[in-house]
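> When you get a sec, could you give me coordinates for this:
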Amino acid sequence: MFYDRREELDTLEAEWRADRWGFVVIYGRRRVGKTELIKRFCREKPHVYYLAAQESELRQRQKLVEQVANRFDDRVPRIDDWPDAFDYLAEKLAGESLIVAIDEFPYLIEENESVLSYTQALVDETGQETDSLLILCGSSVSVMESDVLGSESPLYGRRTARIDLLPFTFARARGVIGYDIEEAIRSYAVTGGMPLYLTLFDYSQELGENVREHVLSKTSILYNEPEFLLRTERLRNPARYMSVLEAIAAGRTTPNEISGATGIDPGPLSRYLRTLRQLRLIEREVPVTETKNASKRSVYRIGDPFLAFWFRFVEPNRSGIEEAPELMLDDVILPGLDRYTSKRFERIAAEAVVAASRSGDLEPTYPNVGRWWYNGEEIDVVGLNPREDAVLFGECKWQTSEVGYGVARRLAEKASEVRWRTGSRTEEYALFSKSGFEDGLKQRLDERWRLFDLEWFDAVFPPS
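As a prediction, the model looks like this:
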């Protein structure tokens, strides 16, 4: 099922309508919807679509040439090497207006790096004779960024557009999640913004039933999803990567903690962390008040909510799920879901601050939003406006009870510890609550305080 991607489709349409040769590079992690985007764009347009695979160089060439020949009702020619293959493609493109999409392009590079130079020749020479569009797509983010887009690549500087396809934010995912705002936040905490995960769920069913059917069932594609993602990357030691992900999901977020939990020495561990970041399975985070590259207080966390959910509930309970998935759902997962969702609620609150800033509902605006922590203290949401020396401190509570004055007082105490523009800044405070606020709380707070309940979130993130 294809959903949204309006901006990306508009970019591709503009490249296609331009009266010139176009060269678009599309990349993003697996499951993010790159192939569906290309297929939706190519629909009802003259095109050649070739999906590369992990197979021999000879077979890769044959299949590409076969796809081109089929498009032109041509007899498949004899091709002996890659130059012949690209010469044949160039011959067919001359004077044509055609889309040529090569999906999983890194597989071709893996078998023969010279493919990059042959593609360069196609772009430089054929591109002067046609207004066709070439699309190169890949799931290996590191390969696409270095070998295709990097300054050392033969293709450097030649692309006319680039699309880094990312998972949907909650704002974009809200349109497909057919639950009310409270259950939509819980559901997003399970699926995250990956299109495949989002569109698997049947939102006419309860969330628990979707989890049972699509996550806990051994026949579901999500049951072994993390293992599948690591296998498809052909990593040398996938078990080590799994152990790193498990440690991070369990709350070991610093390199020392991860090393202690996995038994991997710091030297090798840095390589595992770097690879997982390149695969976009984990993120490196620093306090919002610090510079990312210079900070020594970085932590790692699972970047994909579904992977965080899987490592929290599925991986440690495999035996119970195999024997009685319904019992695991009722006795373990659903009772622990709100506690798990609370951390995801913080990310959604930060997203809401940015969205409200853009729409003008927050003044001053806060273009830079993240977390802050130091010496055991943490603030869930901190928004910064360096131009106006303005800062917003926010606390998130995903709980059944209403938020009271004690939470506000504690937030103000923690805010006083934040060393950012001290003495010159203007401070605002925000409380984000699932269950609302105690009577009279607003009257006990001054004009610097804002109270945001789920009704506000529903207005910021409308379901349509």
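> tell me the pLDDT at the most centrally placed residue in the chain?
Residue closest to the average C-alpha location in the chain (CA atoms, centre = their mean): Pro167, at 3.7 Å. At Pro167, the pLDDT value in this model is 96.
> And it, how far from Pro305?
For Pro167, the distance to Pro305 equals 9 Å [CB to CB, to the nearest Å]. (Each C-beta comes from the backbone N, C-alpha and C, glycine too.)
> and for the two, which residues touch both?
Common contacts of Pro167 and Pro305 (CB atoms under 8 Å, 6 or more residues apart in numbering): Gly192, Gly193.
> Can you tell me, leaving aside adjacent residues, what's nearest to Leu222?
Val215 (4.9 Å; CB to CB, 6 or more residues apart in numbering).
> Isn't the one you found up against Tyr223?
Yes - with contact defined as CB atoms under 8 Å, Val215 counts as touching Tyr223 (6.6 Å).
> higher neighbour count, those two?
A direct count of neighbours by other CB atoms under 10 Å for Val215 and Tyr223 places Val215 higher, at 26 against 18.
> Report the contact partners of the more buried one.
Val190, Leu222, Tyr223, Phe309, Trp310, Val314.
> Let me know the pLDDT of the third one.
The score at Tyr223 is 96. That number is its pLDDT.
> wait, what's in contact with Ser462?
Residue 462: Pro, not Ser. Pro462 touches Arg174, counting by CB under 8 Å, 6+ apart.
> Contacts for stretch 65-81, please.
Contacts of stretch 65-81 (CB under 8 Å, 6+ apart): Pro46, His47, Val48, Tyr49, Tyr50, Arg61, Gln62, Ala85, Tyr88, Leu89, Lys92, Leu98.
> next one: phi and psi at the second one?
Listed backbone geometry of His47 is phi -160, psi 160, with angles given as degrees, to the nearest 10.
> before we move on, back to that, out of the contacts of stretch 65-81, who has the most neighbours?
Neighbour max across the contacts of stretch 65-81 (other CB under 10 Å) = Leu89, 24 neighbours.
> what's the closest non-adjacent residue to that residue?
Val68 is the one closest to Leu89 (CB to CB, 6+ apart), at 5.6 Å.
> again with Tyr156
Of all residues not flanking Tyr156 in the chain, Gly150 sits nearest, at 6.5 Å (CB to CB, 6+ apart).
> of the contacts of stretch 65-81, closest to Tyr197?
Tyr49 (24.4 Å; CB to CB).
> The residue nearest to the closest one when sequence neighbours are not counted: which element?
Leaving aside its chain neighbours, Tyr49 sits nearest to Ala101 (4.9 Å; criterion: CB to CB, 6+ apart). Counting by DSSP states H and E, the element that carries Ala101 is strand 99-103.
> now that strand: how far from the chain's centre is it?
23 Å (CA atoms, centre = their mean, to the nearest Å).
> So what touches that strand?
For strand 99-103, the external contacting residues (CB under 8 Å, 6+ apart) are 16, 34-35, 38, 41-42, 45-52, 64, 89, 93, 108, 132-138.
> Filter those residues down to the buried ones and hand me the ChimeraX line.
Buried residues within the contacts of strand 99-103, by 16 or more other CB atoms under 10 Å, are selected in ChimeraX with:
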select :16,34,35,38,41,42,47,48,49,50,52,64,89,93,108,132,133,134,135,136,137,138
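> can you tell me which of the contacts of strand 99-103 are in strands?
His47, Val48, Tyr49, Tyr50, Leu51, Leu133, Leu134, Ile135, Leu136, Cys137, Gly138 (DSSP state E).
> residues touching the residue nearest to Pro463 when sequence neighbours are not counted, list them.
Nearest non-adjacent residue to Pro463, counting by CB to CB, 6+ apart: Arg174, 5.7 Å away. Residues near Arg174 by CB under 8 Å, 6+ apart: Ala184, Tyr188, Phe461, Pro462, Pro463.
> Identify the farthest-apart pair in those residues.
With distances taken as CB to CB, the most widely separated pair in the contacts of Arg174 is Tyr188 and Pro462, at 14.7 Å.
> can you map out the strands along the stretch 151-300 of the chain?
161-164, 282-285, 299-302 (DSSP state E, counting those that start in this stretch).
> try the stretch 301-450 of the chain
Using DSSP E, counting those that start in this stretch, the strands found in the stretch 301-450 of the chain span residues 368-374, 377-385, 390-397, 426-433, 449-452.
> now these as CSV including mean pLDDT and distance to Val403?
Listed next are the strands of the stretch 301-450 of the chain as CSV, based on pLDDT from 0 to 100; distance: least, CB to CB, whole Å:
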stretch, mean pLDDT, distance to Val403
strand 368-374, 97, 19
strand 377-385, 97, 12
strand 390-397, 98, 5
strand 426-433, 98, 4
strand 449-452, 98, 8
